[in-house]
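[1] task: produce atomic coordinates for the following.
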Amino acid sequence: MSSIEPAPPPGGPRLWAASAARGVAWLLSRLLLGAVFYGVFTPLAALRRLAGREPLGLAWRPAHAPSSWWRPRNPRPPSHFEKSS
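    The predicted model follows:
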C-alpha cells in the first residue's frame, strides 16, 4: 500500500456534480423553451396573421385615418359589479 494518495477534489465530490447539473439544466431549459417558441408560437402567429386576425389592432392606417389609436369602450352596467348570490 502506498503512502501517497491523490487529493480529493476541492469542495468535495458533489460540488462538481452539482455545477455540471446546473449547467446542463441551464442549457436544456433554453433549448426546450426555444423549441416551443419557434415550433409552436411562431407558426401560430404566422397563421393568425395570414388569416387576417390582429388582436391589438395595430395595422397600418391610411393618411386620412384619425391620428389617435384610442378606441372608445362601452361602460359596463352597475349590475355587473354587484356580488352574485
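[2] helix/strand/coil for Ala59?
    coil (DSSP: H, G, I helix; E, B strand; the rest coil).
[3] how close does it get to Arg49?
    Distance of Ala59 to Arg49, given as CB to CB, to the nearest Å: 10 Å. The C-beta positions use only the backbone N, C-alpha and C, and glycine is treated the same way.
[4] between those two, tell me which one has more neighbours.
    Each of Ala59 and Arg49 has its neighbours counted (other CB atoms under 10 Å); Arg49 has more, 10 against 7.
[5] in the helix or strand that one falls within, what's buried?
    Secondary-structure assignment from DSSP states H and E places Arg49 in helix 42-50. Residues of helix 42-50 include none that count as buried (16 or more other CB atoms under 10 Å).
[6] from the chain's centre, how far out does that helix sit?
    Averaging C-alpha positions (CA atoms, centre = their mean, to the nearest Å) puts helix 42-50 17 Å from its chain's average.
[7] which residues sit against that helix?
    Applying CB atoms under 8 Å, 6 or more residues apart in numbering, the contact partners of helix 42-50 are Glu54.
[8] how does it look with 10 Å?
    The contact list for helix 42-50, computed with CB atoms under 10 Å, 6 or more residues apart in numbering, reads Val36, Arg53, Glu54, Pro55.
[9] what's around the first one, how many residues?
    Translated: Val36. For Val36, using other CB under 10 Å, the count is 11.
[10] still on that earlier bit, could you flag which of the contacts of helix 42-50 are buried?
    In the contacts of helix 42-50, nothing passes as buried (16+ other CB under 10 Å).
[11] columns distance to Pro72, pLDDT and secondary structure on top of these, output as CSV?
    Output for the contacts of helix 42-50, formatted as CSV (distance: CB to CB, whole Å; pLDDT from 0 to 100; DSSP: H, G, I helix; E, B strand; the rest coil):
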residue, distance to Pro72, pLDDT, secondary structure
Val36, 37, 94, helix
Arg53, 22, 82, coil
Glu54, 19, 77, coil
Pro55, 18, 75, coil
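[12] could these go into CSV alongside distance to Ala25?
    Compiled in CSV, the contacts of helix 42-50 are given as follows (distance: CB to CB, whole Å):
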residue, distance to Ala25
Val36, 16
Arg53, 37
Glu54, 38
Pro55, 34
